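Student: Sharing a model prediction with you, sequence too.
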Amino acid sequence: MAVTERYFQLEGEEAVVHLPEKPNGFLVLILGDANHYVENKTSLWHQHPDRRRFIDALKEEGYTLVYSNQYGKHWGNDEAYRLTMRTIKHALKTEILNGKIHVFAEGMGALIALRMLVQQPDLLRSVVLYNPCLDLEAYRRHEKSNLFFYKRFMKELKGAYGEDEETIEKAIALPSSLWAKTCPETMVRIFHCVFQSTFPLEQHSRPFEEGRKERGAPVELTVFLPGKLWPDFVGPVKRFLASHEQLTKM
């Protein structure tokens with residue numbers, strides 16, 4: 001029976017590679033949101049039926065997928081970024097894959113994708129952002145309208161970055177400061193579902209899109225009204241990924 005998944009551990013965190021039956025040679029890195037997890041040889045992507053159909057559809061197209069548990073609510077910290085880079089390196093080393101990868105980042109995972117767009121331009125083939133968090137300062141302002149949510153957010157930031165206030169302020173300011181530094185060649189595709197996202201369109205996806213357009217950097221934003229499910233994104237995502245590949249399928 002063919003092996004369809006390989007689990008491994010890095011820095012004490014569990015990770016998994018999903019293997020297609022007929023590989024096309026391309027890797028898709030998944031960077032999950034706050035509810036993302038990999039543990040005990042299962043994951044959110046296994047347990048959620050619609051998400052499972054989503055990754056199965058990408059595997060049917062020949063994509064190899066990789067993702068890891070990332071210390072919970074990391075809010076884009078150095079540890080999560082370092083683990084991401086190690087996870088990619090492991091997948092590229094153990095599987096037969098092209099060296100330029102696709103990234104699919106949801107919510108909080110977009111904070112890691114932002115750093116990759118600045119620091120790893122030669123590694124990226126394309127980036128897909130789904131309901132992304134792209135501005136922590138805007139998110140803090142948004143959360144201040146509800147004291148309970150604000151306190152929870154600040155507690156999570158302290159868990160991710162420590163108690164030092166200066167460090168936390170730098171962490172909050174970092175994401176939006178990276179917008180103008182993101183790779184001007186890598187295509188970024190954004191899917192934003194109104195009323196389903198923790199991160200409002202007008203505070204995250206829209207200004208990021210406008211900033212890239214002002215620089216002449218490739219970007220496309222699609223806004224969806226309520227009712228869209230994960231399987232509805234399979235077609236658009238597959239077409240987008242395929243349009244940024246020049247390598248003949250294996």
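Tutor: In hand now; what should we look at?

Student: quick one: secondary structure of the residue nearest the centre of the chain?
Tutor: When CA atoms, centre = their mean is applied to the chain, the residue found nearest the centroid is residue 105 (1.6 Å). Of the three states, residue 105 takes strand under DSSP: H, G, I helix; E, B strand; the rest coil.

Student: Hmm, residue 129 and it touching each other?
Tutor: Yes: counting by CB atoms under 8 Å, residue 129 is a contact partner of residue 105 at 5.5 Å. Just so you know, the C-beta spots here come from the backbone N, C-alpha and C atoms, and that holds for glycine as well.

Student: hmm, back to that, can you pull the contacts of the residue nearest to the centre of the chain?
Tutor: By CB atoms under 8 Å, 6 or more residues apart in numbering, the residues touching residue 105 are 30, 31, 112, 113, 127, 128, 129, 130, 132.

Student: Please report how far it lies from residue 115.
Tutor: Using CB to CB, to the nearest Å, residue 105 is found at 11 Å from residue 115.

Student: Same question for residue 216.
Tutor: Taken as CB to CB, the span from residue 216 to residue 115 is 22 Å.

Student: just residue 195 next, same as before
Tutor: With distances taken as CB to CB, residue 195 is found 28 Å from residue 115.

Student: Where do the strands of this protein begin and end?
Tutor: For the chain, the strands defined by DSSP state E cover 5-10, 13-18, 27-31, 38-39, 42-43, 64-68, 101-106, 124-130, 187-193, 219-224.

Student: what helices or strands is the fourth one leaning on?
Tutor: Packing contacts for strand 38-39, counted by 3 or more CB pairs under 8 Å, 6 or more residues apart in numbering; DSSP states H and E, involve strand 13-18.

Student: buried set for the helix of greatest length in the chain?
Tutor: Across the chain, the longest stretch assigned as helix under DSSP state H is helix 78-94. For helix 78-94, the neighbour count (16 or more other CB atoms under 10 Å) marks 80, 81, 83, 84, 87, 88, 90, 91, 92 as buried.

Student: for stretch 25-38, same thing?
Tutor: 25-34, 36-38.

Student: start to end distance for it?
Tutor: 24 Å (CA to CA, to the nearest Å).

Student: quick one: it to chain centroid distance?
Tutor: Mean-position distance between stretch 25-38 and its chain equals 6 Å (CA atoms, centre = their mean, to the nearest Å).

Student: Equivalent analysis for stretch 150-157, please.
Tutor: 21 Å.

Student: May I see the buried residues of it?
Tutor: Neighbour-count burial for stretch 150-157 flags 153, 156, 157 (criterion: 16+ other CB under 10 Å).

Student: before we move on, back to that, residue 216 and residue 115: which is more packed in?
Tutor: For residue 216 and residue 115, the more surrounded residue by other CB atoms under 10 Å is residue 115, and the numbers stand at 21 against 8.

Student: In contact with the more buried one, which residues are there?
Tutor: 76, 81, 178.

Student: circling back: how near is the residue nearest to the centre of the chain to residue 142?
Tutor: According to CB to CB, residue 105 stands 20 Å off from residue 142.

Student: For the chain, which residues score under the pLDDT cut-off?
Tutor: Regions of the chain meeting the criterion pLDDT under 70 cover residues 1-2, 246-250.

Student: all helices in it, in order from the N-terminus.
Tutor: Secondary structure of the chain by DSSP H: the helices cover 44-47, 49-60, 78-94, 109-119, 136-143, 147-161, 165-178, 205-215, 234-242.

Student: All set now, cheers.
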